[in-house]
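S.K.: Have a look; sequence and predicted model below, questions after that.
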Amino acid sequence: MGTSRAKKQRAQNDDRPGIWVGYGKLVKLHRERAGLTQEQLAEATGYSAELVASVEQGRRPAKSAFTDAAEVKLNAGGTLAVLQDDVDLAKLPAFFYNFAVIETDAVSRYSFDPLLIPGLLQTEEYARALFSRHCPVLTEEIIEQHVEARLSRQKLLTRAPAVELCFIIGESALTTMVGDEGVMKRQLQHLLAQGALPNVEIQVMPSAHGFHLGLNGPMVVMETSEHRHVAYIESQDVGLVITNATKVSTFGLRHGKLRTQALNSSESARLIQRLAGEA
């Protein structure tokens, strides 16, 4: 009875994502079948034995480079690679995870972000600067995991078949200093590059417009491959996925109104160029 209670308590205190645990068990299975020690696998993949042990125990997530190397060395037949996207998703903050899973199945995604550059358009250094100023303070390991997960999500921009994407960004997001001037300049240049993609539209909402419906906060409206419509709102590390058809429709109407009030994509690009010092 005591042993049963102890196991249950350990399970309750175990905050390892299930996908990391499952991936780790699969690595260990393939490694043992290949007759390799953790040290030998570490040497073959260019990682430390400590990291291999952590991955096998589900305490740390595998990076894509580790998975690629392990697939070859262990002759894993794609069984590790097929899990990599899920491993990356589990690096995201818990409050965001459910939305991120739905996002991977999007055929269209329209958003409004008044204060910060949206995550799908952030550079690595901009994202790292944001996570580094988090409160409560995050460990370097957690910061790195969150940055990797955010960058991994950006595959949505170039995925085939293409996802139709529209980002409305408040002018304040373009002028609020995150990191230093160099970080912001490169971030603005990155926006211009991403906005040139055929399936991506970036519009800026000028601060001079005064009141508009987006002042109530950021939003995302999305359609999935099964033509489900969902909305998402987030504030202060709390996220809410909305599936009620009436409420989702309301968010869609608001976003449509914002698109008519924001600068068009050409005007927005010229503004971003000016702010980046390229005009």
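M.R.: Sure, I can see it.

S.K.: any idea which helix or strand of this protein has the worst average confidence?
M.R.: Across the helices and strands of the chain, mean pLDDT, DSSP states H and E gives its lowest value to helix 2-13, namely a mean of 48.

S.K.: just checking, what packs against the helix or strand following that one?
M.R.: For helix 2-13, the succeeding helix or strand toward the C-terminus, using DSSP states H and E, is helix 18-33. If you count contacts as 3 or more C-beta pairs under 8 Å, 6 or more residues apart in numbering; DSSP states H and E, helix 18-33 packs onto helix 49-56, helix 64-74, helix 84-89. For glycine as for every other residue, the C-beta is placed from the backbone atoms N, C-alpha and C.

S.K.: can you do 6 Å?
M.R.: In terms of contacts (3 or more C-beta pairs under 6 Å, 6 or more residues apart in numbering; DSSP states H and E), helix 18-33 is packed against helix 49-56, helix 84-89.

S.K.: helix or strand right after it?
M.R.: Later in the chain than helix 18-33, the nearest helix or strand by DSSP H and E is helix 38-45.

S.K.: pLDDT weak spots in the chain?
M.R.: For the chain, the stretches with pLDDT under 70 are 1-14, 279.

S.K.: center of it, which residue is that?
M.R.: Closest residue to the average C-alpha location of the chain: Arg150 at 2.9 Å, with C-alpha atoms, centre = their mean.

S.K.: Just give the number of residues close to the nearest residue to His229 once chain neighbours are set aside.
M.R.: Distances taken as C-beta to C-beta, 6 or more residues apart in numbering put Val248 closest to His229, at 4.8 Å, once the chain neighbours are dropped. Val248: 19 surrounding residues under other C-beta atoms under 10 Å.

S.K.: which secondary structure element contains Val248?
M.R.: Counting by DSSP H and E, Val248 is part of helix 245-261.

S.K.: quick one: buried residues of that helix?
M.R.: By 16 or more other C-beta atoms under 10 Å, the buried positions in helix 245-261 come out as Val248, Phe251, Gly252, Arg254, His255, Leu258, Arg259.

S.K.: which residues sit against the helix or strand that comes right after it?
M.R.: Note on helix 245-261: by DSSP H and E, the next helix or strand toward the C-terminus is helix 265-275. For helix 265-275, contacts defined as C-beta atoms under 6 Å, 6 or more residues apart in numbering pick out Leu174, Leu188, Leu191, Leu192, Gly195, Glu201, Ile202, Gln203, Val204, Ala279.

S.K.: can we see that at 8 Å?
M.R.: 171, 174-175, 188, 191-192, 195, 201-204, 206, 262-263, 279 (C-beta atoms under 8 Å, 6 or more residues apart in numbering).

S.K.: between these, which has the most around it?
M.R.: For the contacts of helix 265-275, neighbours tallied by other C-beta under 10 Å; top is Leu191, 28 neighbours.

S.K.: Was I right to think that one contacts Leu120?
M.R.: No. Contact between Leu191 and Leu120 fails when scored by C-beta atoms under 8 Å: they sit 11.0 Å apart.

S.K.: what residues are up against the residue lying closest to Glu39 once chain neighbours are set aside?
M.R.: In this structure, Glu39 finds its nearest non-sequential neighbour in Ala49, 4.6 Å apart by C-beta to C-beta, 6+ apart. Residues in contact with Ala49, defined by C-beta under 8 Å, 6+ apart, are Gln38, Glu39, Ala42.

S.K.: between those residues, which is closest to Val220?
M.R.: Ala42 (40.4 Å; C-beta to C-beta).

S.K.: Can you redo the helices and strands packed on helix 18-33 as a markdown table, where the extra columns are distance to Gly22?
M.R.: Formatted as a markdown table, those follow (distance: least, C-beta to C-beta, whole Å):
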| stretch | distance to Gly22 |
| --- | --- |
| helix 49-56 | 11 |
| helix 84-89 | 9 |
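
S.K.: May I ask which helix or strand encompasses the residue nearest to the centre of the chain?
M.R.: Element membership for Arg150, per DSSP H and E: helix 140-153.
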